[in-house]
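*Asks:* what would the 3D arrangement of this be:
(chains A and B)
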Number of protein chains: 2
Amino acid sequence: MLDKVLNAKSVAIIGASKSKTKRGYQAIKTLLTDGFEGEIYPVNPKEDKILGLNCYKDITDVEGEVDLALITTPARTIPGILRKCGEKNVAGAVIIAGGFRELGAKGQELEKEVIAAAKETGVRLIGPNTSGMINLKTSMNLVGIQNVPRGNIALLCQSGNMALTLITEAMILKHEGFTYYVGVGNEADIKFHEYLEFFRNDPDTKAVLMYVEGMSQGRKFLQEAYNTSIEKPIILLKSGRSATGKKSAGSHTGSLAGISEVANRAYERAGIVVIENSDELFPVAETLSSQPVIKNNCIAILADGGGHATIAADLLSDYGINMPELSEKTRSKLRKILPEAASVVNPVDVAGGTDSDPSLFADCARIILKDPHVGGLLVVGLFGGYGIRFEESLAIGEEAAAHRFGAMVKKRSKPIFVHSLYGSYESHALDLLRHYDIPVHDSLDISCKCVASLCKYGNYLKSYHGKTNFVFDWRAKAREQGKQIIQNVKKEGRHVLLEHEAKQLIQLHGAQTSVGQVATTEDEAWEIAKKIKGNNERVVLKIVSPDILHKSDAGGVKLNLGSEKEVRGGFKKIIKGAKVYNPEADIRGVLVAPMAKQGLEVIIGTKIDEQFGPVIMYGLGGIMVEIMKDVTFWVLPLSPTSCKKILEDTRSSVLLDGVRGQKGYDKKSMRKLLSMCSELIESYPEIDEMDLNPVMLYEQGLDVVDARIILKK
Amino acid sequence: MLDKVLNAKSVAIIGASKSKTKRGYQAIKTLLTDGFEGEIYPVNPKEDKILGLNCYKDITDVEGEVDLALITTPARTIPGILRKCGEKNVAGAVIIAGGFRELGAKGQELEKEVIAAAKETGVRLIGPNTSGMINLKTSMNLVGIQNVPRGNIALLCQSGNMALTLITEAMILKHEGFTYYVGVGNEADIKFHEYLEFFRNDPDTKAVLMYVEGMSQGRKFLQEAYNTSIEKPIILLKSGRSATGKKSAGSHTGSLAGISEVANRAYERAGIVVIENSDELFPVAETLSSQPVIKNNCIAILADGGGHATIAADLLSDYGINMPELSEKTRSKLRKILPEAASVVNPVDVAGGTDSDPSLFADCARIILKDPHVGGLLVVGLFGGYGIRFEESLAIGEEAAAHRFGAMVKKRSKPIFVHSLYGSYESHALDLLRHYDIPVHDSLDISCKCVASLCKYGNYLKSYHGKTNFVFDWRAKAREQGKQIIQNVKKEGRHVLLEHEAKQLIQLHGAQTSVGQVATTEDEAWEIAKKIKGNNERVVLKIVSPDILHKSDAGGVKLNLGSEKEVRGGFKKIIKGAKVYNPEADIRGVLVAPMAKQGLEVIIGTKIDEQFGPVIMYGLGGIMVEIMKDVTFWVLPLSPTSCKKILEDTRSSVLLDGVRGQKGYDKKSMRKLLSMCSELIESYPEIDEMDLNPVMLYEQGLDVVDARIILKK
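*Replies:* As a prediction, this is how the structure comes out:
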């Protein structure tokens, strides 16, 4: 219920001032200049009037209702002020002051106090440590940046400077603007996902543009993003991925910058368009807020000469966009109107055909857009600058073409993008294009990124509808037994499961694993081994002791044993070794299990990410993980579709299908195991980390050879 | 000797015209407007005077000397005109017309004719299919773009539109400009490397900026680039790397766009700064033409708030630039002048410290640049915009800081870069920075790329001085015997060496390989095998026939044989299988060789690249090559240093050092083998392709298990 906060009808400025350099003056000035539609109440015990408005000694003195308080006073004053706001039933407060969590322990204490005051009073907080917020619809500008353009993008930003950058860019481009700007600051109370939900429900917001350094409730954000992105696009840049970047982010928002592999993969899965290059952030948001999506991932390029077309083709190709062959019909039509030297395949090059009449661009565009293979058109080169570069009179033909471009876009719902190296010049033709909401850029890189993002978002929407919702197969009975295992471990004051306990737990949930049995005597070991050997298998012995976690270091593992002599000898050596290694160790026995056959080694791990909660790591074991770092991270839970996608998500994934004449591996069993991991972590919130390493994957089936589960302390 | 061409003192315009839309009019107009210092001779049989200048019927009618002819007439007229130019002793000609190689077979014929005419007459050609050339020093503008800024960058461009883009960008940035622009066009006569040599010798040119789609003599270019880049930086964007991009490039310059792995690696080895993003091309050239290089790869960031610093740190980190810790002395000095909330580690964040007086930026910069760990400074944020954003009077402090920045840069030879989100606004402080040659950008991405490029170039210069020249150990005797082997193959009308021939050849040059011996009878096979088995080795049998290249397909390979029965049986089966596979086959016998022990598989291949000549591919065999495509391509020859670097050039290279407790492999032998390959390909120009696959690398030594050498047809 942020409506009363973000759409406030009355604002109190606590810390109002007559001094022009003070925030408490500028804020009132801006509200007056921008023509805020609601009430403004300056609050300062020492003043009577500020900028012609009555000034109140205290917020409780205000007669009317106060929806929102802008607090410009220092950090230490905040808890007291919030209590006053509570008395007055203020819905929300924007806290500008820094000096909280971002300063370390001392600031953290103060921030906790602020949060407590908010909880107690019911006042919702924006910030602290924020540049403020703007509602462009009611001209409630609490930041003091002048001339912020109004439009349909909501801006959610964790750096005041980045907000200023994006707003400045919008001002220079003179095209699209904003519905809201919110500086989330330290995210002490209102979280990213709450703002996002508000923007999802705001009918004027067509896209949400975000700059994030780190978020405290990533998991809730993902859920909300997933709900939002199907309705309106979210464009996001996540910074703080490098060590130095993290340090820098931490020093001013006090956030934990997350692991970027986890974050970007998770964001994309939630349908977010992730941007890595800050120059591209605003143009992509502008594109996605205004253009019909491209659903077939197919683009045609129209150029008036080489160079630009070649570079554009390279870039789009890097982004995975198709540049389809044009149909014979399209090509023959183009041939009729273009000179012989022209290229009528995609990219189309007019080869001087437009030199005497640039309106020919529109003829070409019409023909190309009619082609059923083409989902959108990117025009690259000099369009809009013929009147500047060659002959003033040519501008007329460009303007005619611009009007026709506008009509085409409207009729066909296929977007046109225009790169023009004259994009930053005064050009009426280009202004006309902008009028028709056609994205114009003077950077090829940015034009291509916009095209690619529109395709990417289109691909997501398409795949979304193919998605199946999934529900957990809770396996109630398994859970009852599983809980028992965990409780037993806890009862003993342990937080690490013994190998056979971990294996029993995953087996309960359907994982294929040879648990084996614990032998306490040499005789028992041989009895168990005999049974296993009945299946013509060799055995492995491993020490069972809560005090020996690194079994190999204690000589606690003997592999590939067959004969009675070997098994009995192995048992004795292990027990002896363990006692030498740690005379105090509580030795429970020796685990006797079948020796796993060599298969394709897979590693699975789960942990609790500070931002996103439970995440899973998957990769092919051995060299692929250790040397090539060829692993992927996904946020849990996993749907059946996700389990499939994970398997395709590493470079080495083709090995699963078999190479060099080998047969493929049992992907179905692998998917089931991943699904089991997801279910398990969801079922037992007690689990902190789980490692299945290695898992041997075979042509048929698999074997979890070693399992390790650590509970939260 | 391009001096007379590019520094022409007199220009004839062949195809001069009175029609304003014609190139033959515009060219004369531009020469007059720009104030070309030399003579201008219009040539057109139908006119007497053009723009007040005498018009000549024929170039031979001109009384004075003509250094350069600009030919604006159509393609088919060119050969005739060139002969006339030859009569007049014209040094060079710029051929604007398209319609040559880029149009396919027919155009190619015409281009050959043009080249022949040039050879015959000694006239050197720029183009054809070019937008022309400009010498800014003498105002010889043969392109017709107005107001091209003069400066110290030479522009070498294979697309007229990209040249126009870069020139337009220079005009907008109003900072740096050009010495020359040359549109190389189809590169029919004068090649990239010749222009480069000219620019290397031009004292006014401080950097060379290149846009390349494909070059015909890449190898000569690399040599020249290597000579040039140590004296002045070369900045290059290579396009046409994608399939569609290649098609596009081919359709308008008729060049073969090269394999980008080969090209980029080769360019970088020659010291070229390779750029992938066209927006970055000009700014990086500007930086490298004007800034002192950074030699220690270390940058400090100075910011007035978060966001920008975080993004910059991420980007620089991606580029491999170090952001060093500041010394305790530096930090304590900063602490004294900055507010408590400031971050005095790198990135430094003034945290509002500059709000009331932005001249504090200069104080901070001075302290930071004095730190011996810091090689250069990147200022990010609002600098230059305080007067715009907050209070007009703050501009004074910014201007004071700008002057001090200028003095610092001069004194310390450590560059300062300024990112300002007000970079495209009117700001006197920013103009002052530009005056002091301090790079100013409103894009963080571009600022960071400029910093990174300066570091990269500095790293190259540093590594260059550590390089050792190397000479080939020609092994004269080996070459004599090697030639004999190749001649024998040729004599038989073959162009593929048999396995044992290939192995003999590489063994002659010092490669470790078990050649084995050819047996023509079962008895012989067993005799040879016995000798090999004397060393306790098993053997492998392989069919020897010039008509059976895919030996396994013909059942022609038997591995791991030991007993007499196995060897004799193998021999019989191979001969029988071969006869079935190809009854016409010329069967020379069966190669009996020791069975190679398993080692680390390596693949080496060489081929002749169309642009760069001999290149070598290296990678770890098996999965690493087949699945992970983890290979590297280098242009031959290889110096000892290069052989070392190649081994480190794949992601999987750590395997060479041994992982998972294994011992490392014999890298010295591997380096020797690579060096041998380089020497071999250089020694025998007859070789087209060579494949050593697999090579088994051991803890000690290696074994080239299979070798294949194909001669040029």
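*Asks:* contacts made by the helix or strand A:L674 falls within with the rest, please.
*Replies:* Assigned by DSSP states H and E, A:L674 belongs to helix A:667-683. Applying CB atoms under 8 Å, 6 or more residues apart in numbering or on different chains, the contact partners of helix A:667-683 are A:472-475, A:479, A:482, A:505-506, A:509-512, A:602, A:604, A:606, A:614, A:616, A:618, A:636-638, A:640, A:643-644, A:646-647, A:656, A:687, A:690, A:692, A:695, A:697, A:700-702, A:704. Heads up, the C-betas are built off the backbone N, CA and C, glycines and all.
*Asks:* can you list the domains in chain A?
*Replies:* A:1-144, A:147-290, A:292-465, A:476-594, A:600-711 (automatic domain parsing).
*Asks:* turn the ones you listed into JSON lines, including mean pLDDT.
*Replies:* Output for the domains of chain A, formatted as JSON lines (pLDDT from 0 to 100):
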{"stretch": "domain A:1-144", "mean pLDDT": "94"}
{"stretch": "domain A:147-290", "mean pLDDT": "88"}
{"stretch": "domain A:292-465", "mean pLDDT": "94"}
{"stretch": "domain A:476-594", "mean pLDDT": "92"}
{"stretch": "domain A:600-711", "mean pLDDT": "88"}
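*Asks:* any chance of these in a markdown table, plus mean neighbour count and distance to B:I230?
*Replies:* Listed next are these as a markdown table, based on neighbours: other CB atoms under 10 Å in any protein chain shown; distance: least, CB to CB, whole Å:
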| stretch | mean neighbour count | distance to B:I230 |
| --- | --- | --- |
| domain A:1-144 | 20 | 47 |
| domain A:147-290 | 22 | 31 |
| domain A:292-465 | 21 | 29 |
| domain A:476-594 | 17 | 54 |
| domain A:600-711 | 19 | 35 |
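*Asks:* so which of those domains is nearest B:E340?
*Replies:* Across those, B:E340 has its closest neighbour in domain A:1-144 (8.2 Å, CB to CB).
*Asks:* what parts of the stretch 1-150 of chain A come near chain B?
*Replies:* Proximity of the stretch 1-150 of chain A to chain B is confined to A:K20, A:T21, A:G98, A:G99, A:E102, A:L103, A:I145 under the rule CB under 8 Å from any CB of the partner chain.
*Asks:* go with 7 Å
*Replies:* Selection of the stretch 1-150 of chain A residues close to chain B by CB under 7 Å from any CB of the partner chain yields A:T21, A:G98, A:G99, A:L103.
*Asks:* now flag whichever of those is closest to B:G218.
*Replies:* Looking across those and measuring by CB to CB, the closest to B:G218 is A:G98, at 55.9 Å.
*Asks:* quick one, phi psi at the residue nearest to that closest one when sequence neighbours are not counted?
*Replies:* Once flanking residues are discounted, A:G98 sits nearest to A:N129: 4.3 Å by CB to CB, 6 or more residues apart in numbering or on different chains. With angles defined as degrees, to the nearest 10, A:N129 sits at phi 60, psi 50.
*Asks:* could you do A:Y267 as well?
*Replies:* Dihedral angles of A:Y267 (phi, psi; degrees, to the nearest 10) stand at phi -60, psi -50.
*Asks:* is it true that it touches A:V274?
*Replies:* Yes: counting by CB atoms under 7 Å, A:Y267 touches A:V274, with 5.1 Å between them.
*Asks:* what touches both of those two?
*Replies:* Common contacts of A:Y267 and A:V274, defined by CB atoms under 7 Å, 6 or more residues apart in numbering or on different chains, comprise A:L236.
*Asks:* middle-most residue in chain A, spatially?
*Replies:* Centroid check for chain A by CA atoms, centre = their mean gives A:Y267 as the closest residue, at 2.2 Å.
*Asks:* show me what contacts that one?
*Replies:* Neighbour list for A:Y267: A:L236, A:V274 [criterion: CB under 7 Å, 6+ apart].
*Asks:* got JSON lines for the domains of chain A, with distance to B:A163 too?
*Replies:* Output for the domains of chain A, formatted as JSON lines (distance: least, CB to CB, whole Å):
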{"stretch": "domain A:1-144", "distance to B:A163": "42"}
{"stretch": "domain A:147-290", "distance to B:A163": "23"}
{"stretch": "domain A:292-465", "distance to B:A163": "8"}
{"stretch": "domain A:476-594", "distance to B:A163": "63"}
{"stretch": "domain A:600-711", "distance to B:A163": "39"}
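*Asks:* which among those domains is found nearest to B:A341?
*Replies:* With CB to CB as the measure, domain A:1-144 is the member of the domains of chain A nearest B:A341 (6.0 Å).
*Asks:* for that closest one, measure first residue to last.
*Replies:* Distance between the boundary residues of domain A:1-144 (CA to CA, to the nearest Å) amounts to 26 Å.
*Asks:* beta partners of the closest residue to A:L155 other than its chain neighbours?
*Replies:* Spatial nearest neighbour of A:L155, excluding adjacent residues (CB to CB, 6+ apart): A:Y181 at 4.4 Å. Beta-bridge partners recorded for A:Y181 (DSSP bridges): A:I134, A:L155.
*Asks:* what angle do the helix or strand that contains A:I603 and helix A:667-683 make?
*Replies:* Using DSSP H and E, A:I603 maps to strand A:600-609. Put simply, strand A:600-609 runs at 20 degrees to helix A:667-683, going by axes from the mean of the first three to the mean of the last three CA atoms, to 10 degrees.
*Asks:* what lines up beside strand A:600-609 in the sheet?
*Replies:* For strand A:600-609, the pairing partners within the sheet under DSSP bridges are strand A:613-620 (antiparallel), strand A:687-697 (antiparallel).
*Asks:* other residues contacting the shortest one?
*Replies:* Counting contacts by CB under 7 Å, 6+ apart, the residues outside strand A:613-620 that touch it are A:219, A:262, A:600-609, A:625, A:630-636, A:646, A:650, A:652, A:655, A:674, A:677, A:681.
*Asks:* what's in contact with the next helix or strand after it?
*Replies:* Using DSSP H and E, the helix or strand that follows strand A:613-620 towards the C-terminus is helix A:623-626. Residues from elsewhere that reach helix A:623-626, judged by CB under 7 Å, 6+ apart: A:I603, A:G619, A:D630, A:V631, A:S652, B:L655, B:V659.
*Asks:* now stretch A:16-31
*Replies:* Stretch A:16-31 is contacted by residues A:11, A:13, A:15, A:40, A:42-44, A:47, A:50-51, A:53, A:55, A:70, A:72, A:96, A:141-142, A:144, B:391 when judged by CB under 7 Å, 6+ apart.
*Asks:* now swap in stretch A:486-503 and tell me
*Replies:* Stretch A:486-503 has contacts (CB under 7 Å, 6+ apart) with A:485, A:505, A:513, A:515-516, A:518, A:542, A:544, A:546, A:549, A:591, A:684, A:686, A:704, A:706-711, A:713.
*Asks:* off-centre distance for that stretch?
*Replies:* Relative to its chain's centre, stretch A:486-503 lies at 35 Å (CA atoms, centre = their mean, to the nearest Å).
*Asks:* format the residues of the stretch 1-150 of chain A next to chain B as TSV; extra columns: secondary structure.
*Replies:* Formatted as TSV, these follow (DSSP: H, G, I helix; E, B strand; the rest coil):
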residue	secondary structure
A:T21	coil
A:G98	coil
A:G99	coil
A:L103	helix
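*Asks:* which of the residues you listed lies closest to B:V567?
*Replies:* Nearest to B:V567 among the residues of the stretch 1-150 of chain A next to chain B, with distances taken as CB to CB, is A:L103, at 80.7 Å.
*Asks:* so what's that closest one up against?
*Replies:* Contact analysis of A:L103 by CB under 7 Å, 6+ apart lists B:A341.
*Asks:* same question, A:I275
*Replies:* By CB under 7 Å, 6+ apart, the residues touching A:I275 are A:I235, A:L236, A:L237, A:L281, A:V284.
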